[in-house]
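K.L.:
This is a predicted model, with the sequence first.
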Amino acid sequence: MAITKAASLSIRDSKSARWFVLLTVSFLMLTGYFFTDIMSPLQGMLRDQMGWSNSSYGTFAGSYSVLNVFCLMLIFGGIILDKAGIRFTGTFFVGIMIVGAFFNYYAMTDTFNNGGLGYDFLNSFLTDYKPSLKMAMIGYALFGVGVEIAGITVSRIIVKWFKGKEMALAMGLEMACARGGMLIAFSASPWMTGADKIISRPLAFGVILLVIGLLAFFVHNMMDKRLDAEVAADTSVVASEEEFKASDVFLLFKNPGFILISLLCVLFYSAVFPFTKFAPDLMVQKYGFAEEFSGMIVGLLPIGTMILTPIFGAFMDKKGKSASIMMLGSLLLIFSHTIFAFLPGNTGFAFAAMIVLGFAFSFVPAAMWPSVPKIIPESRLGSAYAMIFMIQNVGLMLFPMLLGAVLDSANEGLAEGAALNYTEPMMLMVGCGIAALVVAFFLRVVDKKRGYGLDLPNIQE
Ligand SMILES: C[C@H](N)C(=O)N[C@@H](CCCCN)C(=O)O
């Protein structure tokens with residue numbers, strides 16, 4: 001049964017306790033996001049060493065979401081979260097994340113590629129696809145299930161500890177840490193392959209980091225247990241919300257605010273995460289950066305968001321304006337991708353577009369995620385976040401595949417060694433941005449009509 005707390009103080013009222021909890025789960029997300037983007041700056045090496053085409057690379061990137069979409073893993077994850085609780089769900093799915101990451105690492109090793117366990121089997125069907133690609137996809141798909149459900153769990157944890165307090169700031173800081181993981185991946189991964197360019201090296205490091213993330217989550221579990229014990233022992237805590245039922249998932253779709261926020265999420269994120277998978281190669285092909293530095297340029301994006309997301313989060317905690325800020329973020333997204341698509345390959349434009357994208361990628365997440373609890377009751381939050389992530393994952397699956405396929409087809413017959421043209425793939429991203437802006441506009445209209453309070457401050461005085 002979902003509960004709300006009345007007057008008496010609990011461990012969540014202790015600032016140091018709740019910020020410490022935030023630290024543990026933020027570190028976990030850092031490790032997850034590090035692994036998510038670990039292969040992104042290695043697209044060129046995957047082409048040269050593993051023989052992966054751009055479409056193959058896009059298919060690999062999209063495999064992250066395949067189980068989440070086709071096996072409805074995020075829906076199950078959300079239901080498990082609402083039924084079995086934070087500690088079990090988090091621990092189990094971080095475990096899945098580690099197993100998937102290990103398969104992904106194994107796919108890149110010489111052991112596997114020289115006929116290791118599973119090679120012959122994976123080589124016996126769909127022979128157009130390399131065994132390394134198939135093994136990496138199995139691993140990345142499992143990893144995608146784990147990291148996404150871990151992300152949903154972490155959002156739930158932050159609401160549990162920060163609701164009515166500094167929630168947007170806390171979510172902003174958690175996302176800043178996650179972006180820190182992206183930053184390390186983009187800037188360090190090519191260097192970690194070493195002079196001999198061994199792709200499996202950064203992946204091995206990523207697996208070890210994930211195990212450390214799991215240990216951090218165990219520390220969170222201890223704090224969470226204490227909070228639950230306090231709540232159970234406290235007679236001033238009153239049951240106030242209905243118990244969650246699996247059928248409630250369908251109720252979410254009767255809520256226009258939920259539908260619009262889900263649509264905005266899929267459109268906005270489809271123009272960001274799939275883009276970042278190709279962005280290092282875009283830097284090489286369009287702007288002429290060396291492969292080792294291309295990830296660092298893309299790393300400007302997470303650096304900017306690490307600083308800006310918590311700042312905007314704190315602003316919205318105090319002043320509100322989330323609905324308007326989501327519109328502004330979508331507008332900036334269009335500007336940024338328009339620069340990448342249509343302006344000349346001048347490095348100044350690359351920096352400018354990346355900075356504008358950094359603002360967009362700070363505004364929208366900082367405003368969107370803390371808005372969900374204003375639209376959905378707490379007992380259904382796990383499922384609501386899960387459903388939003390699930391819809392978002394459709395975009396995260398399709399868009400990298402589309403980008404890879406459009407890139408290959410736009411560059412068919414290109415002379416050996418000539419730079420790839422990214423205009424058409426980037427036009428796809430501009431289209432997503434325009435659609436996101438339209439949805440953000442309607443979300444603001446519906447907010448005014450229904451009184452969700454998206455433009456109101458998060459902190460209750
Ligand atoms: C990719 C993942 N599904 C996602 O949407 N991540 C968001 C953060 C959502 C959780 C906020 N507490 C992101 O912006 O990285």
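P.N.:
Nice, I can see it.
K.L.:
going forward, measure contacts between C-alpha atoms and count neighbours the same way
P.N.:
OK.
K.L.:
check which helix or strand covers Trp19.
P.N.:
Assigned by DSSP states H and E, Trp19 falls within helix 15-36.
K.L.:
ah, wrong one, I meant Ile391
P.N.:
helix 381-410.
K.L.:
Which residues of the stretch 301-450 of the chain lie near the ligand?
P.N.:
Proximity of the stretch 301-450 of the chain to the ligand (Cα under 6 Å from any ligand atom) is limited to residues 365, 369, 389.
K.L.:
contacts for the helix holding Trp19?
P.N.:
The contact list for helix 15-36 (Cα atoms under 8 Å, 6 or more residues apart in numbering) reads 11-12, 97, 101, 147, 150-151, 154, 158, 161-162, 170, 173-175, 177-185, 203, 206-207, 209-210, 212-214, 216-217, 219-220, 223.
K.L.:
out of these, which are inside helices?
P.N.:
97, 101, 147, 150-151, 154, 158, 161-162, 170, 173-175, 177-185, 203, 206-207, 209-210, 212-214, 216-217, 219-220, 223 (DSSP state H).
K.L.:
Give me the buried entries from these.
P.N.:
Buried members of the ones in helices among the contacts of helix 15-36, scored by 16 or more other Cα atoms under 10 Å, are 97, 101, 147, 150-151, 154, 158, 161-162, 170, 173-175, 177-185, 203, 206-207, 209-210, 213-214, 216-217, 220, 223.
K.L.:
Strands along the protein, start to end?
P.N.:
Ranges of strands in the chain, per DSSP state E, are 3-4, 238-239.
K.L.:
Give me the pLDDT value at Arg12.
P.N.:
We have a pLDDT of 87 for Arg12.
K.L.:
Tell me, how many residues neighbour it?
P.N.:
Burial of Arg12 is recorded as 20 neighbouring residues (other Cα atoms under 10 Å).
K.L.:
Taking the protein, what residue is nearest to the ligand?
P.N.:
Ser155 (4.2 Å; Cα to the nearest ligand atom).
K.L.:
Wait, that residue touches Met171, no?
P.N.:
Yes: with contact defined as Cα atoms under 8 Å, Ser155 counts as touching Met171 (7.5 Å).
K.L.:
Give me the more crowded residue out of the two.
P.N.:
Higher neighbour count among Ser155 and Met171: Met171, with 27 against 20, using other Cα under 10 Å.
K.L.:
So for Glu243, what's the pLDDT?
P.N.:
Glu243 carries a pLDDT value of 51.
K.L.:
I should have written Met283 there, sorry.
P.N.:
pLDDT for Met283: 96.
K.L.:
what's near enough to touch it?
P.N.:
Contact partners of Met283, counting by Cα under 8 Å, 6+ apart, are 289, 294, 297, 350.
K.L.:
and which of those is nearest Lys449?
P.N.:
Proximity of the contacts of Met283 to Lys449 (Cα to Cα) peaks at Ala350, which lies at 40.2 Å.
K.L.:
That closest one: neighbour count?
P.N.:
Counted with other Cα under 10 Å, Ala350 comes out at 21.
K.L.:
Pull up the gap between it and Tyr287, please.
P.N.:
7 Å (Cα to Cα, to the nearest Å).
K.L.:
With Pro41 instead?
P.N.:
Per Cα to Cα, Pro41 is found 15 Å from Tyr287.
K.L.:
Show me which of the two is the more surrounded one.
P.N.:
Pro41 (29 against 19).
K.L.:
Run through the residues that contact that one.
P.N.:
Taking Cα under 8 Å, 6+ apart, we find Pro41 in contact with 185-186, 189-190, 277, 280-281, 291, 294-295.
K.L.:
and the ligand, which of these contact it?
P.N.:
Applying Cα under 6 Å from any ligand atom to those, none is adjacent to the ligand.
K.L.:
Now render the residues you listed as JSON lines, adding distance to Leu122.
P.N.:
Formatted as JSON lines, these follow (distance: Cα to Cα, whole Å):
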{"residue": "Ala185", "distance to Leu122": "28"}
{"residue": "Phe186", "distance to Leu122": "29"}
{"residue": "Ser189", "distance to Leu122": "27"}
{"residue": "Pro190", "distance to Leu122": "27"}
{"residue": "Lys277", "distance to Leu122": "25"}
{"residue": "Pro280", "distance to Leu122": "29"}
{"residue": "Asp281", "distance to Leu122": "28"}
{"residue": "Glu291", "distance to Leu122": "30"}
{"residue": "Ser294", "distance to Leu122": "32"}
{"residue": "Gly295", "distance to Leu122": "31"}
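K.L.:
Most neighbours among these, please name it.
P.N.:
Sorting the contacts of Pro41 by how many neighbours each has (other Cα under 10 Å) puts Phe186 first, at 33 neighbours.
K.L.:
pretty sure that one is in contact with Gly299, am I right?
P.N.:
Yes: at 5.6 Å, Phe186 counts as touching Gly299 under the criterion of Cα under 8 Å.
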